[in-house]
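Q: let me see the structure of the following:
(2 chains)
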Amino acid sequence: MNRLERTLAALPDAVDWPKPSEHLATRVVSRIESEMRPRDVRLRRWVWAAVGTLVILVALIPGTRQAVANLFQEAGVRIGFIQQTPSDLGRDLQLGDPVTLSEAASRVEFEVGYPELLGPPEETYFEAGLVSMLWEGPILLTQRAISTSFGEKLIAPDTSVTDVQLAGGTALWIEGAEHSFTYLDEQGNRIEASARLAGNTLLWQRGGVDHRLELADGLDRAVAIAESMNGVE
Amino acid sequence: MEGRPLQEVDLIERSRNGDVVAFEQLVRAHQDVAIRVAHLVVRDHAEAEDVTQESFVKAYAALSGFRAGSPFRPWLLKIVRNEALNRVRSAKRRHQLAIREASDPVSGGAAPSPETLVVTRSDQATVLAAIDALPERYRAVLTHRFLLEFSERETALVLGIPLGTVKSRTSRGLERLRHILGEDQM
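A: Model prediction:
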C-alpha cells in the first residue's frame, strides 16, 4: 500500500462530516404528518391503486372519434380504439430515474420547461427521451420531442375529448374516466410501462415538444398551467 | 447485523402502508450516510441537515414508486443527492471539504488502524484538496468510493451512471490524483 492509498484509506474518518441533529428523524415524521394531510394520503393511495386497474374499451361518438384521430395524426400521435387494454398495464407510474431538472434538460435535445404557475417540480424523472415532472396534487407533466414515433391513447368509456385553444396552438382535453397511455418508441417497440396517472389530461405541442399534463383539476386550471410554461435555465 | 435486510424490507412495507413510525426507524438507520451524501454536494453542515430532512420527506412521498426487493439505500441516497443538486444550482459559492480539527476524537473511539498511524493530517488535507479540485465527473466518483466507502455498484446507483463508468472514472481519477500530487510525494 503506497502513501496515497494509505491516505485514502484513512480519509473517511478524517473528513469533517456533519452529524444529523437528534431531532432530524422526529422533524421528518412531524412534517410528514402535517404536510401530507389524510386526504392527500388517501388520494395518493387511490391514484396508485387506480393506475393499476385499467380499463375497458371505447365508446366514443363516431364524429368525435374521427376528430380526435385527425388531431393526433397532425401531432404525430395516433389514437387507437381497442376493446380492452392490457390488464398488466400501469401497475406503477414507472417514470424512470429520478433526476434534477438540469440533468433532465441535459439529456434531451429539446428545451425542457416547467409551468411557472406550479414552480419547479417536486420530483423530476427521465426515461427513454421522456422527461416527467410531478407536483403535489398529484399533477404530472411529461415532455418528449415530437418524433416519427407515435402514441396510442387508449380511452375508456365515460371519457370526453374536446379541442381546446391554447395561446400558441391547439390542445386536446381528455376528461372523465381513467385512461392509460402507451406509445411506440423510434424502433416501433410498444412501451407499456409508461401508464400514467388517472385523471384529466391536456395534450399540446409547442417548440417541437409534445406535452402531456395530467391532473385532477378542471380545464381552466390545466390551460392556465400550460400557458405558464417556461424554459429551464 | 443478521436479519437486518428482512427487517428493513418489513419497515419499508409498513412505511408504504402509511406507518410513519416504521419510516422513522428507516430515517434513523440511514440519516448518518444521507447527511454525508448531501454534504458532498452542498458543503455546508446546516444546509446538509436541511437537505437530508427534505429528502426523507420526499422519499416517504415517493415510497409507492420504490420497487420492492430492490436495494433501498441507493434509492434513498439518490433522492438525497438530487435534492442537494437542486439546492446548489443557484448557489455559486462552494466551500471546500475539510479535515476535522485535530482535537476531534476518532469516530467511535476505535483505536486507529495501522494505516492511519502513518498518515499525517497534512497528507490527508493535501489529498482531500486534490480530490476536491478534480473535474466533477471524477470528484463525484472518488468521493463516493473513497470518502463514503461505497461499493462500485452503489456508487453507480446513487450517481445514476453505469457500473463501467464508475470503474473507468475511478481509475482515471486516481491517475489524475497521482499526477497532481506528484509521484515522488505520494
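
Q: can you list contacts of stretch B:33-42?
A: A:17-20, A:24, B:45, B:47-49, B:51-52, B:55-56, B:73, B:76-77, B:80-81, B:83-85, B:87-88, B:91, B:97, B:140, B:143-144, B:147-148, B:158 (CB atoms under 8 Å, 6 or more residues apart in numbering or on different chains). Bear in mind the C-beta positions are built from the backbone N, C-alpha and C, glycine included.

Q: where in chain B is the helix or strand with the lowest mean pLDDT?
A: Here the helix or strand of chain B ranked lowest by mean pLDDT, DSSP states H and E is helix B:114-117, holding a mean of 52.

Q: rewinding a little: drop anything exposed from the contacts of stretch B:33-42.
A: Among the contacts of stretch B:33-42, those buried by neighbour count (16 or more other CB atoms under 10 Å in any protein chain shown) are A:17-18, A:20, A:24, B:45, B:47-49, B:51-52, B:55-56, B:73, B:76-77, B:80-81, B:83-85, B:87-88, B:97, B:140, B:143-144, B:147-148, B:158.

Q: give me the distance between B:G164 and chain A.
A: 17 Å (CB to the nearest CB, to the nearest Å).

Q: check for me that that residue belongs to a strand.
A: No - going by DSSP: H, G, I helix; E, B strand; the rest coil, the assignment for B:G164 is helix, not a strand.

Q: check what pLDDT the residue in chain B that chain A sits nearest to gets.
A: For chain B and chain A, the shortest gap (CB to the nearest CB) falls at B:H45, measuring 3.8 Å. You'll see B:H45 listed with a pLDDT of 93.

Q: check contacts around the closest residue in space to it that isn't next to it in sequence.
A: Spatial nearest neighbour of B:H45, excluding adjacent residues (CB to CB, 6 or more residues apart in numbering or on different chains): A:P18 at 3.8 Å. By CB under 8 Å, 6+ apart, the residues touching A:P18 are B:I35, B:R36, B:H39, B:H45, B:A46, B:A48, B:E49.

Q: per-residue pLDDT, the last one?
A: pLDDT, the model's per-residue confidence, is 96 for B:E49.

Q: and the third one, by the same measure?
A: Confidence at B:H39, expressed as pLDDT, is 96.

Q: so it: helix, strand or coil?
A: helix.

Q: how far away is it from A:T142?
A: Taking CB to CB, to the nearest Å as the measure, B:H39 falls 33 Å from A:T142.

Q: pLDDT weak spots in chain A?
A: A:1, A:37-94, A:147-161, A:168, A:176-199, A:231-233 (pLDDT under 70).

Q: mind redoing it with 90?
A: A:1-7, A:33-113, A:116-220, A:227-233 (pLDDT under 90).

Q: likewise for chain B?
A: Using pLDDT under 90, chain B drops low at B:1-7, B:16-21, B:61-70, B:85-123, B:136, B:160, B:180-186.

Q: ok, now with 50
A: Along chain B, segments meeting pLDDT under 50 span B:1-3, B:103-109, B:115, B:184.

Q: start from the N-terminal end of it and give the helices.
A: B:4-16, B:20-42, B:45-62, B:72-88, B:114-117, B:121-132, B:136-142, B:152-159, B:163-181 (DSSP state H).

Q: closest one to A:E35 among these?
A: Proximity of the helices of chain B to A:E35 was assessed by CB to CB; the nearest stretch is helix B:45-62, lying at 7.1 Å.

Q: and the closest one, what other elements does it pack with?
A: helix A:24-35, helix B:20-42, helix B:72-88 (3 or more CB pairs under 8 Å, 6 or more residues apart in numbering or on different chains; DSSP states H and E).
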